[in-house]
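Colleague: Provide a 3D model corresponding to the input given below.
(2 chains)
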2 protein chains.
Amino acid sequence: MRSLRVGLAQINCTVGDLKGNATKICHFIDKAKALGVDLLAFPELAITGYPPEDLLLKPQFVNDNLRQLELIQKHSSDITVVVGFIDAKDDLYNAAAIIHDGKLASKYYKTYLPNYGVFDENRYFQAGTYCPIFVINGVNIGINICEDIWYPTGPTSLQAYAGAEMVVNINASPYHAGKRKFRERMLATRASDNLIIICYVNLVGGQDELVFDGGSMVINERGELIASGQQFEEDLVVVDLDLESVFCSRLNDPRHRKEKLKLETEEKPRQRIVVSEGENLKPKPSLPLREVKAYELLAEVYQALVLGTGDYVRKNGFKKVIIGLSGGIDSSLVAVIAVDALGAQNVIGISMPSSYSSSGSKADAQLLAQNLGIELKVIPIEDTFNSYLNMLAPSFTGTKPDVTEENIQARIRGNVLMALSNKYGWLPLTTGNKSETVTGYCTLYGDMAGGFAVIKDVPKTLVYQLARYRNSLSGKEIIPRSVLEKEPSAELAPNQRDVDTLPPYEILDPILQAYVEENKSSTQIVAMGFNKETVQRVIHMVDKSEYKRRQAAPGIKITPRAFGKDRRLPITNRYREK
Amino acid sequence: MRSLRVGLAQINCTVGDLKGNATKICHFIDKAKALGVDLLAFPELAITGYPPEDLLLKPQFVNDNLRQLELIQKHSSDITVVVGFIDAKDDLYNAAAIIHDGKLASKYYKTYLPNYGVFDENRYFQAGTYCPIFVINGVNIGINICEDIWYPTGPTSLQAYAGAEMVVNINASPYHAGKRKFRERMLATRASDNLIIICYVNLVGGQDELVFDGGSMVINERGELIASGQQFEEDLVVVDLDLESVFCSRLNDPRHRKEKLKLETEEKPRQRIVVSEGENLKPKPSLPLREVKAYELLAEVYQALVLGTGDYVRKNGFKKVIIGLSGGIDSSLVAVIAVDALGAQNVIGISMPSSYSSSGSKADAQLLAQNLGIELKVIPIEDTFNSYLNMLAPSFTGTKPDVTEENIQARIRGNVLMALSNKYGWLPLTTGNKSETVTGYCTLYGDMAGGFAVIKDVPKTLVYQLARYRNSLSGKEIIPRSVLEKEPSAELAPNQRDVDTLPPYEILDPILQAYVEENKSSTQIVAMGFNKETVQRVIHMVDKSEYKRRQAAPGIKITPRAFGKDRRLPITNRYREK
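Modeller: The predicted model follows:
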């Protein structure tokens, strides 16, 4: 039986850590060789990490990446390795190196460059224009990169009809909720449409706003998932591919022959590059059984938040984080995520009560900290707040208290967190959710102050679901029941409630999703059944708070449209829908 | 003599203000008609303003822009109008409408979409693929958009060799220092290479980080500038073009015939679209004499800052601004710019002395305010600073004062400005220069707190030059001499000086320019003659402060590479040059 042992090395790279990434790549090469892997694939731009953004405009950076590629090449005796790197020829290319037995056998350049959503690849790369077949151990293999496989008539089809029996598709595909399923469906269709085995290897790890969720897959020519990698963890997937079966399927499928004829007459014949002719007949060790965790949607989102937070903290050289604990649901969820990401010993809660803080909230913060086993510092802000009021009294003569005084409290808390950060090197995590961030129901330099905004892309209703999910994992109320049940309030003024300013979250969140994530017009949203005045009020809040979001800390993307690179709106913007 | 009266309407549009922009366009149409203009051109995307960014992803926005185009069309009897808009056919196009006598005669789609620097046009638009010749009043005219003219073998050449006698190139070209001269040189070459008249019309006005500087130009087929628009102001340039002269030049230039032959055989013949056959023989009013201000480089930069600041404030609906006046050079320059942009009655200085503020600095802030005729509020921060120290004392036990205490002072000042902003609706302008912003020598949420960062892209050495330039305009020391002469200091600790932390600015600024604007490596910068240790220290400061810049207010781009959209670096980034 013609077969090939393929390994998918789903690794957690760090942007810019060229040496560290190369060392990790070499380590996985060693592991794969011990398992008798013939062909080992790494993610897109594995050497540089993804996305390197404007580092790509530094010639030195590109040269340094090429030097690491040489070291990897020297480390690759007796194996074929496919690894993502940046090639610099006449221009820059998002490239895959095909290394065989210590030599750079060939290269493939990404054909479809994504330039939407969070992607800016046209800013940096020239698109590749050829997609050859590589003969590796006698097997005809197409290699392509990420976006390439999303096009039904793209490289995968061209390679399949030019004779490739399998495709290795290397990725840096960012996570959003449910994306793994979406990918699997597309890959299964692509595989069965083209009667080809697809080996999909994805990056894993957090990078600023993005989480790469791994979840590598091998899908056979019938569209069946035959192996997969863990989600949100490094992994090495090793599988033996049965290539006879591809040939057999093709003989029995009239579609394949017709489509092949069509493409062959339309396209120039593909180039064939022989990397290694003969099959590897050395005896191979038997493969260990693997168990791959399956995540439901809430669990998946939760894991993404844990990985994104942990990686931001670690990759930026921090050890400990601080979180302002108000006793509310948002800061409680962030604290639990931080503990799951970094361990209780690396999370410090800061309770900063004012006279408007309810005793319930103060007690809830205490109880949460106790449940989590984290240190809690209590720093009352009352005196400093009064000192501000005194300082500003001459300027405020004749005015009434308003949102100004509320913001001063939030900003004192921001300053306290930043002071602790400056003094001890702790990273402050902010606790604002998506519903607040998008309506501007938050204080710039106040509760928005901090280095990383963990739940920035999590709508409030999902915050509750995640909190309940996390409690269910422990089988006890880590986040106290009273936190889950009390009415949401910023507690910055007497008897304040979120619903005094915002519509109830069950109404707000679907409006926000329609307006922000789906770019629906107010007319369309009203037609969904929402009150016109409410819709217009919400849209107005969203539009006028762009300036706040521009100065917000980055946070983890978990929806199809998050903030930052994913949503680029002018601040100066007089557009108001009629 | 065959001639055509052309008008270039260099208008100040506001992004998203579709109705306001259309009204302005109609107003300029009226003005041009009164002057007997045959062909009137408006800037790129004049209807939407530039850049509309992700507003383009809202179908309603695109529809609303098309509705305004119809209104403009109805307003255009007895004249030909070229105006930038977004067309939605199978996809979105950055388009020019050719309207003649109330009818939409044709359209042109931008061929070259910029996707570098501050531009993201591949994110939104499909590129056009045809460049016809339009016959307007019997004259053969090529129309193209901005980037199109920067390509030597692009639409301009194709149109010229297919018979166009003149090209109308509509623009939204952002300013950086010296760019007008750079444009003029390119346009002159393009015109004389192709023996074609070029009518270049540019947008004017500030939009978030960008300033469009106008400076429209008409350049004849010999490369001579025959008319130009004001820089940094709205203007209507009207000029009579002598088309006989183009024909005559072509007959006498062997180059033209040879190049024409080459392109004609290589390219399909261009389409000819007849808009209006006959020459307009109606008598025309004589044109008034015009005087166009010429700006030297410092004056040009200064005007860009004034326009960018004024437009940000006005277009975002603010009237008054506040500025923390330390008595230093940066805040002094920002105050003068603000007064020039908005008038003294709309600028309020806030002096926030601490015990580290020198009496000289306090006096300088007073004197500056007096010279400018602006209100100055003095709000001492000492008590509130002490209140912070008390509040934090239990958390800081056993530690020594460090940068933490400095930052607390800066953040109190930030909070005071934000409180005044919240209470009275005044926009706080930040005062950090480029040398500080790029090295991170500034306090997040402290001196970085505010809505707009006027001199964010101005290196410190240029700050001094601009201050001296502005004083020279008044013929007196508006910015007091002591401000210009004293040693730079943040005054956040006893006897603090900038040189305790940073290299002298005469050394720092060229290093920063090489590293940040030119992406030179440390090796290259050392080879320029700088001390290796200094270069490495500066690069380290730049690299590790990316997180601060990500949360900074937007500011005006005046160099070839500013911050924000112009420079996109990951925060999580372990790349360190060896």
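Colleague: not counting sequence-adjacent ones, nearest residue to A:K377?
Modeller: A:I350 (5.1 Å; CB to CB, 6 or more residues apart in numbering or on different chains). C-betas here are computed from N, CA, C, even on glycine.
Colleague: residue contacts, that neighbour?
Modeller: The neighbours of A:I350, taking CB atoms under 8 Å, 6 or more residues apart in numbering or on different chains as the test, are A:322-325, A:376-379, A:416-417, A:420.
Colleague: if we use 6 Å, what do you get?
Modeller: In this structure, A:I350 makes contact with A:322, A:324, A:377, judged by CB atoms under 6 Å, 6 or more residues apart in numbering or on different chains.
Colleague: just these now: which is nearest chain B?
Modeller: Chain B has its nearest neighbour among the contacts of A:I350 in A:K377, at 6.2 Å by CB to the nearest CB.
Colleague: quick one: the residue nearest to the spatial centre of chain A from A:G308, how far?
Modeller: The centre of chain A sits closest to A:V211, judged by CA atoms, centre = their mean, with a distance of 1.9 Å. According to CB to CB, to the nearest Å, A:V211 and A:G308 sit 4 Å apart.
Colleague: show me whatever sits in contact with both of these two.
Modeller: When contacts are counted by CB under 6 Å, 6+ apart, A:V211 and A:G308 have A:I556 as shared neighbours.
Colleague: before we move on, back to that, per-residue pLDDT, the residue nearest to A:K377?
Modeller: On the pLDDT scale, A:I350 is placed at 98.
Colleague: chain B contacts on the stretch 51-200 of chain A?
Modeller: Counting by CB under 6 Å from any CB of the partner chain, the stretch 51-200 of chain A comes close to chain B at A:53-55, A:57-58, A:60, A:115-116, A:122-123.
Colleague: make a ChimeraX selection of the buried ones in those residues.
Modeller: Selecting only the buried entries of those in ChimeraX, with 16 or more other CB atoms under 10 Å in any protein chain shown as the criterion:
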select /A:53,54,55,57,58,60,115,122,123
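Colleague: ok so, going back, narrow the contacts of A:I350 to those in strands?
Modeller: Those of the contacts of A:I350 mapping onto strands are A:322, A:324, A:377, per DSSP state E.
Colleague: dump these to JSON lines, plus pLDDT, distance to A:S157 and neighbour count.
Modeller: Supplementary listing: the ones in strands among the contacts of A:I350 in JSON lines, determined by pLDDT from 0 to 100; distance: CB to CB, whole Å; neighbours: other CB atoms under 10 Å in any protein chain shown:
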{"residue": "A:I322", "pLDDT": "98", "distance to A:S157": "52", "neighbour count": "23"}
{"residue": "A:G324", "pLDDT": "98", "distance to A:S157": "53", "neighbour count": "27"}
{"residue": "A:K377", "pLDDT": "97", "distance to A:S157": "60", "neighbour count": "16"}
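Colleague: hang on, the earlier thing: out of the residues of the stretch 51-200 of chain A next to chain B, list just those in helices.
Modeller: For these, the ones inside helices are A:Q60, with DSSP state H as the criterion.
Colleague: domain parsing for chain A?
Modeller: For chain A, automatic domain parsing gives the domain ranges A:3-274, A:297-500.
Colleague: give me the distance between the two termini of the shortest one.
Modeller: Domain A:297-500 stretches 32 Å from its first residue to its last (CA to CA, to the nearest Å).
Colleague: what's the answer for stretch A:274-290, then?
Modeller: Using CA to CA, the gap from the first to the last residue of stretch A:274-290 comes to 33 Å.
Colleague: centre of the chain versus that stretch, how much separation?
Modeller: The gap between the average C-alpha position of stretch A:274-290 and the chain average comes to 33 Å, counting by CA atoms, centre = their mean, to the nearest Å.
Colleague: one more: stretch A:229-244?
Modeller: 21 Å.
Colleague: I'd like the average pLDDT over that stretch.
Modeller: Mean pLDDT, computed over stretch A:229-244, is 96.
Colleague: any idea which helix or strand carries A:D64?
Modeller: Per DSSP states H and E: A:D64 is located in helix A:59-74.
Colleague: now for the closest residue to chain B within the stretch 251-400 of chain A: which residues touch it?
Modeller: For the stretch 251-400 of chain A, the nearest residue to chain B under the criterion CB to the nearest CB is A:S387, separated by 3.9 Å. The neighbourhood of A:S387, defined by CB under 6 Å, 6+ apart, consists of B:383-384, B:387.
Colleague: what average pLDDT does the helix or strand in which it is found get?
Modeller: Assigned by DSSP H and E, A:S387 falls within helix A:382-396. Along helix A:382-396, the predicted local confidence has a mean pLDDT of 98.
Colleague: give the buried residues for it.
Modeller: In terms of neighbour count (16+ other CB under 10 Å), helix A:382-396 has its buried residues at A:382, A:384-385, A:387-388, A:391-392, A:395-396.
Colleague: elements contacting the helix or strand that it is followed by?
Modeller: Tracing the chain C-terminally past helix A:382-396 and defining elements by DSSP H and E, one meets helix A:403-424 next. For helix A:403-424, the elements it packs on are strand A:321-324, helix A:382-396, helix B:403-424, judged by 3 or more CB pairs under 6 Å, 6 or more residues apart in numbering or on different chains; DSSP states H and E.
Colleague: got JSON lines for these, with distance to A:S192 too?
Modeller: Putting these into JSON lines (distance: least, CB to CB, whole Å) gives the following:
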{"stretch": "strand A:321-324", "distance to A:S192": "46"}
{"stretch": "helix A:382-396", "distance to A:S192": "65"}
{"stretch": "helix B:403-424", "distance to A:S192": "59"}
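Colleague: nearest to A:R576, of these?
Modeller: helix B:403-424 (22.9 Å; CB to CB).
Colleague: what does that closest one contact?
Modeller: A:392, A:399, A:403-404, A:407-408, A:411, A:415, A:419, A:422-423, B:322, B:324, B:352, B:354, B:379, B:381, B:384-385, B:388, B:426, B:428, B:443, B:445-447, B:449, B:492-493.
Colleague: so that helix versus helix A:382-396, what angle?
Modeller: Computed with axes from the mean of the first three to the mean of the last three CA atoms, to 10 degrees, the direction of helix B:403-424 lies at 50 degrees from that of helix A:382-396.
Colleague: and the helix holding A:D64, what's buried?
Modeller: Buried residues in helix A:59-74, defined by neighbour count with 16+ other CB under 10 Å: A:60-62, A:64-66, A:68-69, A:71-73.
Colleague: helices or strands up against that helix?
Modeller: With contacts defined as 3+ CB pairs under 6 Å, 6+ apart, helix A:59-74 has these neighbours: helix A:18-34, strand A:80-88.
Colleague: just the buried residues of the last one, please?
Modeller: It refers to strand A:80-88. A:80-87.
Colleague: give the partner strands of it in its sheet and their orientations.
Modeller: strand A:39-41 (parallel), strand A:92-100 (antiparallel) (DSSP bridges).
Colleague: go through those and pick out the most buried.
Modeller: A comparison of the strands paired with strand A:80-88 by mean neighbour count, using mean count of other CB atoms under 10 Å in any protein chain shown, puts strand A:39-41 on top with a mean of 29.
Colleague: thinking again about what came up before, look up the closest residue to the residue of the stretch 251-400 of chain A closest to chain B, ignoring the ones flanking it.
Modeller: The shortest distance from A:S387 to any residue that is not its chain neighbour, by CB to CB, 6+ apart, is 3.9 Å, and that residue is B:S387.
Colleague: same question, A:P380
Modeller: Leaving aside its sequence neighbours, A:P380 sits nearest to A:P353 (CB to CB, 6+ apart; 5.4 Å).
Colleague: could you report the pLDDT at that neighbour?
Modeller: In the prediction, the pLDDT value recorded for A:P353 is 96.
Colleague: neighbours of it, how many?
Modeller: By the other CB atoms under 10 Å in any protein chain shown criterion, the neighbourhood of A:P353 contains 20 residues.
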